[in-house]
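[1] no sequence for this one, just the structure:
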């Protein structure tokens, strides 16, 4: 390409605490006017690298040069000042401020008296958003708008800052196809103006559509940098997941055989036109014993919301819910637990683990809640249960006394899984059980799920990774806009079929 | 749908507050002779200027989502400290700035502890409350009268306001009320027109986002606590103009009054929403309660109990509106 | 190191005990042994140590209740006002101003006073768990209004009463030991039994660490919060009875004034994290003894009482800092790097 080097990172290393090495001698470079994909499986070190670059985390070793000058940002603010701005996966704006302010806060236009010029700000914001084909009332506070709009506003903010380097950290997960297209055209425009864009994503299609070069990380190490046009997809995937790929497939193929052998039992859950004001509406869903039912759909389509209603976190406001043939009204998760339901929530950190408690206590918690306050599980009993599951699920820890916060994400997830298995549930609901988990553990968890179903447990499997659902589930219900959009079963299951329903194909 | 959206929490609260004020004023006027007069209205300012100033200060902290329960002690400390110094012949033009600087330091220390060491605001400011109150008693257990001429001038100097010949249209405001006016105008300007003020709101909306948007969170958060303590010591100065004495046990529990003023005026205790104008009206509502309690010849403790009740009512109302708004938003999203 | 300490839950009381013994030792040396001397008059034990236990009684009770509230990540600063209310109710009933049909029954007075404490606690718990008001504001409402309510009960007067049965609550002796000590043993024992024999302790720690995750694991968080604030209110009312029996009357302006700081300090000294999570009731009770003995010591040293409050306020900040992870990081940065690494290694 022969363009000027904009950003070079060399020999970056970063470790957390004792044993977790997040980055080990990683390099990365970015040229002026290019879109550069940063790829890798979860836990590969992408986000840590981004955090080091934007000053959120301090690097242990290594050099960062921007336009030939060594930089050492210690905060996002400093990174922004040298010309590195970022859009994160989760919207990081202030919901209580107006749209215009969210774009311009920190660098608002001033009147001659030195005060903030609200009129100018409103005008500028309107103009800027029009470039993105967004026509909003920018004087409204941000929380009036959908997540997708908020994400676009965040991108507008980042691109308008006089940035040399723009980092987009999985910005498309909450956007529709049309919005993604809009975003890409803006990215191309910015690139042509000479900006360097680092694009982190999970979607390989998008990588091939918009990027110029690709850098791959694996397990905190640098794998290589390639021209997008010269790198076939299969090769990219194998670089991202390394040798584990063959092993993984092997494990899952075994699982698949078992899955086919498994027979569907009686209906355990029956949702009839169930609604919850503000989330799902008219949901019909049957889950049978011994099956893994996949729940698919885009972010915000009602996947997690369905599980929340089933688990009594959100109450049923319309329709009927039957568990094991009995009509129920769940007021609290405990009601669901007492009816042998279990739920591994999506946000492990905020909804799953009790960080400062030991693995033993974390595992015993739900069982204890199920038994009630006065039937205390003795320490010995809890220890036995914990040891049993540490062995069964291969949780890597020196002992059950270890605090759960000291474990890796994958092992934390296994502890949460153990917590629910200890309650001996008849329905296990898993919401994104493999997010942020290394590929080996991912395969293990998938295998556990299939095994459990073959033993007669009903499993509701929610995942945004379609291929994962395709692997694990025999039946997939697709949701769209908080409603059921369709269902595929058995041999019909394919990526194409599910995607078509997601995109609204069935209705046409 | 669109019209519903426009009904924002802050607008409802502020409107309700102003209406409540009007209703109470009308109630008082209908019930008592001599109540309906300009001087009753102006006395609300004369008697509550210090509360309004302190309330405006604490509003900054509340908007960031924090809390400061040290202010009443800071007010008392300022009073005792000034009275003690003046008694020993230190001139007032030295004493007042020193007292204000102490306020700034207290705020800076509290804010830094809260921000840098991630301590809980209530623990830090609770400790601050006891520290300042303890220092008061260390200086003097008894009330110290102030005889300084400047203080006397400020205490007694007033501007007569005459709107008509009738007695009801005559009133006066004391000079120190002007300090409140200046504070109010400055606070309005800071919150609406400066980067600092907007950052205060941003932190209340989401501290993490504010940090990632490149705002100087440390400066703003500590700044909010400094403003709160500074306003408290300024309120202390005004309070000593008002009482011409410094007494260490003065204003016990006044932080609740200040917080009530803010909440009644539409500030959300969860942060991100609030207005200093509302706080001022909130303080005046408390003033009117006080006046009515006096007119009714009731035990002054009724004021405290009523204000606490009112605070509860407003917080509960805010919660209901917030829950409703959330449900409404969900519906809109589902409909879209 | 911290892990290992808190793991053996009994060991959280280790440092508080050492500190307490050190203070006792210091006092003993200071007074030339007089501090330790215990005399027996009429079969009752008298002495400085006994005084600490007797006078620390109400603080120990409050600290036990406060521990649980703080363990949930909340706080209850209304305890002083609840004490005032309980004292006001009990004394008003005994002297016949309130419910004259009860005929000044001491037993009924005590029962109703404790009931009032329970109602206060329920109110706090309701505001915190149902309305979701921050605990500091929720309990501040009662802190301010509560004293007003107490004033309204006594019509703003200081009540003095004449009832030996009532005096016994503070001044009585059983087997030579002061009665408040038995109240402490009973209440704290009951609480410990409850915490350790049921899953209450586990649930409480879980709620203190992560409310949302606790709810998702099937714990009825709101109900627990309500219960915990109620216990705190009930305990405060008992402390109020002891105090009021001690002054032989009800003084609404000064009953339990500023005692919330002492209670929080006691819990902090006991090593419970004020941010919520791990807790130890026993350590807090010892913490209360420490606070009481500090007060005694400082007074014995001839320092004016006013300084004690300043000292306590500073102490709380220091303890909080020592618990703050951030502070440890900063401190570690200040200490030379290598030294720190070695320390870490030893700690692990």
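    Sure thing, it's come through. Please read these numbers as outputs of a predicted model, since none were measured by experiment.

[2] and the helix or strand harbouring residue A:154, how far from the chain's centre?
    For residue A:154, the host element (DSSP states H and E) is helix A:147-160. How far helix A:147-160 lies from its chain's middle: 19 Å, per C-alpha atoms, centre = their mean, to the nearest Å.

[3] next SSE after it?
    Following helix A:147-160 in sequence order, the next helix or strand is strand A:165-169 (DSSP H and E).

[4] neighbouring strands for that next one, and are they parallel or not?
    strand A:84-87 (parallel), strand A:196-200 (parallel) (DSSP bridges).

[5] to residue C:72, which of the ones you listed lies closest?
    With respect to residue C:72, and counting by C-beta to C-beta, the nearest of these is strand A:84-87 at 36.1 Å. Any C-beta I mention is one placed from the backbone N, CA and C, and that applies to glycine too.

[6] and the contacts of the closest one?
    A:7, A:50, A:53-54, A:66, A:73, A:76, A:79, A:151, A:154-155, A:157-159, A:161, A:163-169, A:171, B:212 (C-beta atoms under 8 Å, 6 or more residues apart in numbering or on different chains).

[7] how many neighbours does residue A:455 have?
    9 (other C-beta atoms under 10 Å in any protein chain shown).

[8] sorry, wrong one. I was asking about residue A:24.
    Neighbours of residue A:24 under the rule other C-beta under 10 Å: 18.

[9] grab the nearest non-local neighbour of residue C:195.
    Distances taken as C-beta to C-beta, 6 or more residues apart in numbering or on different chains place residue C:201 nearest to residue C:195, at 4.3 Å, with adjacent residues excluded.

[10] wait, the one you found sits on residue C:192?
    No - the pair residue C:201 / residue C:192 is not scored as a contact, 9.4 Å apart, by C-beta atoms under 8 Å.

[11] compare these two (neighbour count), which wins?
    residue C:201 (21 against 16).

[12] what strand or helix carries the more buried one?
    helix C:200-209.

[13] ok, and what's touching that helix?
    Contact with helix C:200-209 is made by A:354-357, A:361, A:364-365, A:368-369, A:373, C:68, C:71-73, C:194-195, C:213-214, C:217, C:219, C:221, C:224-225, C:228, C:276-279, as judged by C-beta under 8 Å, 6+ apart.

[14] buried only: go through the residues you listed for me.
    Neighbour-count burial (16 or more other C-beta atoms under 10 Å in any protein chain shown) applied to the contacts of helix C:200-209 gives A:354-357, A:361, A:364-365, A:368-369, A:373, C:68, C:71-73, C:195, C:213-214, C:217, C:219, C:221, C:224-225, C:228, C:276-279.

[15] filter these down to the ones in helices?
    A:361, A:364-365, A:368-369, C:68, C:71, C:195, C:213-214, C:221, C:224-225, C:228 (DSSP state H).

[16] and which of those is nearest to residue A:204?
    residue C:213 (33.8 Å).

[17] the closest one is in contact with residue A:348, isn't it?
    No - using C-beta under 8 Å, residue C:213 is not in contact with residue A:348, being 9.0 Å away.

[18] and the pLDDT at residue A:422?
    The model reports residue A:422 with a pLDDT of 93.

[19] hey, where'd the helices end up in the stretch 1-150 of chain A?
    For the stretch 1-150 of chain A, helices defined by DSSP state H, counting those that start in this stretch occupy the ranges A:46-53, A:76-82, A:99-104, A:118-131, A:147-160.

[20] what about the closest residue to chain A within chain C, how many neighbours?
    As assessed by C-beta to the nearest C-beta, chain A sits closest to residue C:218 within chain C, at 3.4 Å. Residue C:218 has 28 neighbouring residues, counting by other C-beta under 10 Å.

[21] please apply the same query to residue A:329.
    When neighbours are counted by other C-beta under 10 Å, residue A:329 comes out with 10.

[22] hang on, the earlier thing: quick check: the gap between the residue nearest to residue C:195 and residue C:162.
    43 Å (C-beta to C-beta, to the nearest Å).

[23] can you check residue A:420 too?
    63 Å.

[24] over to residue A:167?
    78 Å.

[25] which one's more surrounded, those two?
    Neighbour comparison, residue A:167 and residue C:162: the larger count goes to residue A:167, with 24 against 11 (by other C-beta under 10 Å).

[26] thought that one was touching residue A:54?
    Yes - using C-beta under 8 Å, residue A:167 is in contact with residue A:54, at 6.8 Å.

[27] pretty sure residue B:171 contacts residue B:38?
    Yes - the criterion here is C-beta under 8 Å, and residue B:171 meets it with residue B:38 at 3.8 Å.

[28] looking only at neighbour counts, state which of these two leads.
    It is residue B:171, of residue B:171 and residue B:38, that has more neighbours when counted by other C-beta under 10 Å, with 21 against 18.

[29] which SS class is that one?
    Put simply, residue B:171 is strand when judged by DSSP: H, G, I helix; E, B strand; the rest coil.

[30] which element is the residue nearest to the spatial centre of chain B on?
    Geometric centre of chain B, nearest residue: residue B:55, 0.7 Å, by C-alpha atoms, centre = their mean. Residue B:55 is part of helix B:38-63, with elements assigned from DSSP H and E.

[31] cool, residue A:476 as well?
    Here residue A:476 is assigned to strand A:475-480, by DSSP H and E.

[32] next SSE downstream of that strand?
    Next along from strand A:475-480, by DSSP H and E: strand A:483-489.

[33] any buried residues in the helix or strand following that following strand, and which?
    Once the chain leaves strand A:483-489, the next helix or strand it forms, by DSSP H and E, is helix A:495-502. For helix A:495-502, the buried set under the neighbour-count rule, 16+ other C-beta under 10 Å, comprises A:497, A:498, A:500, A:501, A:502.
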